[in-house]
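Trainee: Show me the folded form of this:
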Amino acid sequence: MFWVYILKCSDGSYYAGHTDNLEKRISEHSKGVIAGYTYSRRPVNLMFSQEFNTREEALTVERQIKGWSRRKKRSIDRARLG
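Mentor: Model (predicted):
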């Protein structure tokens, strides 16, 4: 199984990615193991994840999310909070 996920960073920005091990990947982002966008924006919080059968499906959705506006990503965050 594969997951697409959206993280909310400490600076209020959002990061989208995909993985085959969601728990491990979120831990890596949180600990700063992954150099890149989230490294200097910790702590990060998982705000959305969705499971897919194939990496190709997950990658397609990740690319769609990366094309979303900040406003659309923020709306998911607000919906999650109820």
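
Trainee: Any chance you could list what contacts the lowest-mean-pLDDT helix or strand in the chain?
Mentor: Sorting the helices and strands of the chain by mean pLDDT, DSSP states H and E puts helix 70-81 at the bottom, at a mean of 80. Helix 70-81 is contacted by residues 6, 8, 13, 14, 47, 48, 65 when judged by CB atoms under 8 Å, 6 or more residues apart in numbering. Every C-beta, even on glycine, is put in place using the N, C-alpha and C of the backbone.

Trainee: next one: stretch 37-45
Mentor: Residues contacting stretch 37-45 (CB under 8 Å, 6+ apart): 7, 8, 9, 10, 11, 13, 15, 26, 29, 30, 32.

Trainee: Among the residues you listed, which ones are in helices?
Mentor: 26, 29, 30 (DSSP state H).

Trainee: Tell me the one of those residues nearest residue 61?
Mentor: residue 26 (17.2 Å; CB to CB).

Trainee: so the closest one makes contact with residue 34?
Mentor: No - Residue 26 lies out of contact with residue 34 (CB atoms under 8 Å); the separation is 10.3 Å.

Trainee: so how far is the first residue of stretch 9-23 from its last?
Mentor: Length of stretch 9-23, first residue to last, CA to CA, to the nearest Å: 17 Å.

Trainee: Closest to residue 58 out of the ones in helices among the contacts of stretch 37-45?
Mentor: Distances from residue 58 to the ones in helices among the contacts of stretch 37-45, taken by CB to CB, are shortest for residue 26, at 14.9 Å.
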